[in-house]
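Visitor: kindly return the folded structure for what I paste below:
(one chain, ligands or ions: 2)
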Amino acid sequence: MERKQSAKKYSLQNVVVIGASGYAGAELVSLLNDHRLVGELTLYVSEQSHDRDKFIAQLYPRFKGRVDLPLLGLPVGTVTDALANADAVFLCTSHEVSCQWYAQLSQLTATVFDLSGGFRLPTADLYPRFYGFEHPATEALAKAVYGLAEWLDEEFDNARWIAVPGCYPTASLLALKPLAVFNHQINHTVINAVSGVTGAGRSVSLKTQAAELSLQGYKAGVHRHQPEIDYYSGLNTLFLPHLGDFKRGILATITIYFNEAPSQAQLKTVFDVYQASALVHIAEGEYPALNDVVNSGRCHIGWHLNGNALVIFSAIDNLLKGAASQALQCFNLKLGLPSEEGVPL
Ligand SMILES: NC(=O)C1=CN([C@@H]2O[C@H](COP(=O)(O)OP(=O)(O)OC[C@H]3O[C@@H](n4cnc5c(N)ncnc54)[C@H](OP(=O)(O)O)[C@@H]3O)[C@@H](O)[C@H]2O)C=CC1
Ligand SMILES: CC(=O)N[C@@H](CCC(=O)OP(=O)(O)O)C(=O)O
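Guide: Residues are numbered from 1 along each chain as shown. Ligands and ions are numbered 1, 2, ... in the order given. Here you go, the predicted model:
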């Protein structure tokens, strides 16, 4: 359950964002720019980026008059002064690029908050199958700590590399983790989840063009989030992702078939784990909508027991709770701040 840490260091932090021009990176820049404990903020894109040396407000006009920072080009592995002096580095890069950075960044004093999936899985053998590449830093997988912000344990306190969870796994795991005591009673679990198109990132591709958008499933049971959800839930689920024709948000509809279902009262008790949480709202009988959570760092969960089937709807903003604001929660907790500090409610 959520870690309540005592305040440790309330000094201004030097912060670096690598991959700052992407969808997740830009959300993070917005949050960090307004954070009271962020001092120096340095933004990087790739060395060969078309956006190199532009100001981020040129890409995102909503930053005009608010965030006056350039996007600097950075070759992978080059340790600049900003990196050497950083207290925190956020990697908003692809899985492969995050992995390539491990050797250099792990030598620095900064804590790394990696938004990619490069360090989320427990063993290297899963990477070729689910990510399509051999993991270059297999020993690091045991050191990285999974940053599902409401479910951190004491390992988080000493970790220097935080693997911020994926967007679909965040929506799924916040619903599934309270049920762990009943896992042995579960027969099977199916997760149907629909994501907005920003989940695919900012780079141009045919499937994300407006004219192509529809509502369609993909990678049934073989998506890279399948092993992530299973490992951190302790279940063997069937994960069925879908791409929707909207911009932001994920709605995961989770159906759990029990051999012997817990009672309504038992379910209420386990879901009460979020009672004090500022960011996770859970209620029996509710049907959360994306409109309730888009542009907010909250997760809304509604549950319904129908005989031996428990149906749980879980809604998040993929770019916030599914990426940037969850990373900010981890940053806050490392500093001893309340996890929701600076997170849009
Ligand atoms: N979008 C989402 O909903 C979520 C995304 N994530 C993860 O967050 C990460 C970023 O995702 P997203 O923002 O969608 O991706 P984008 O494609 O929108 O952004 C990627 C960013 O990385 C930069 N970049 C690419 N190569 C390098 C490099 N070698 N060095 C430095 N910067 C580089 C890009 O800029 P340029 O190419 O111009 O250099 C861009 O700023 C991914 O790992 C993704 O899986 C996690 C949860 C949710
Ligand atoms: C709609 C869409 O394409 N979503 C992406 C997942 C989002 C993401 O960026 O993946 P991580 O959470 O692992 O970082 C996908 O299915 O590949």
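
Visitor: going forward, measure contacts between C-alpha atoms and count neighbours the same way
Guide: Fine.

Visitor: okay, now the unreliable bits of this protein?
Guide: Scanning the chain for pLDDT under 70 picks out 1-9.

Visitor: what does the domain assignment say about it?
Guide: Domain assignment for the chain by automatic domain parsing gives 13-165+322-335, 168-318.

Visitor: what about the helices in the stretch 1-150 of the chain?
Guide: Here the stretch 1-150 of the chain has its helices, by DSSP state H, counting those that start in this stretch, at 23-33, 56-59, 81-84, 95-105, 126-131.

Visitor: so which of those helices is nearest D230?
Guide: Closest to D230 of the helices of the stretch 1-150 of the chain, according to Cα to Cα: helix 126-131, at 12.5 Å.

Visitor: helices and strands around the closest one, which ones?
Guide: The helices and strands touching helix 126-131, judged by 3 or more Cα pairs under 8 Å, 6 or more residues apart in numbering; DSSP states H and E, number zero.

Visitor: got the buried residues for it?
Guide: L126, Y127, Y131 (16 or more other Cα atoms under 10 Å).

Visitor: surely S172 touches I316?
Guide: No - using Cα atoms under 8 Å, S172 is not in contact with I316, being 9.9 Å away.

Visitor: show me what from the chain comes close to ligand 1.
Guide: Contact residues (Cα under 6 Å from any ligand atom) of the chain with ligand 1: 18-25, 45-46, 49-51, 76, 92-95, 97, 115-117, 166-167, 198-203, 318-319, 322-323.

Visitor: of these, buried ones?
Guide: For those, buried by 16+ other Cα under 10 Å: 18-25, 45-46, 51, 76, 92-95, 97, 115-117, 166-167, 198-199, 318-319, 322-323.

Visitor: now the helices of the stretch 1-150 of the chain as a markdown table including distance to E155?
Guide: Output for the helices of the stretch 1-150 of the chain, formatted as a markdown table (distance: least, Cα to Cα, whole Å):
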| stretch | distance to E155 |
| --- | --- |
| helix 23-33 | 24 |
| helix 56-59 | 35 |
| helix 81-84 | 24 |
| helix 95-105 | 19 |
| helix 126-131 | 23 |
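
Visitor: state the distance from the residue nearest to G118 when sequence neighbours are not counted to E284.
Guide: Nearest residue to G118, sequence neighbours excluded (Cα to Cα, 6 or more residues apart in numbering): H95, at 4.5 Å. Using Cα to Cα, to the nearest Å, one gets 37 Å for the distance from H95 to E284.
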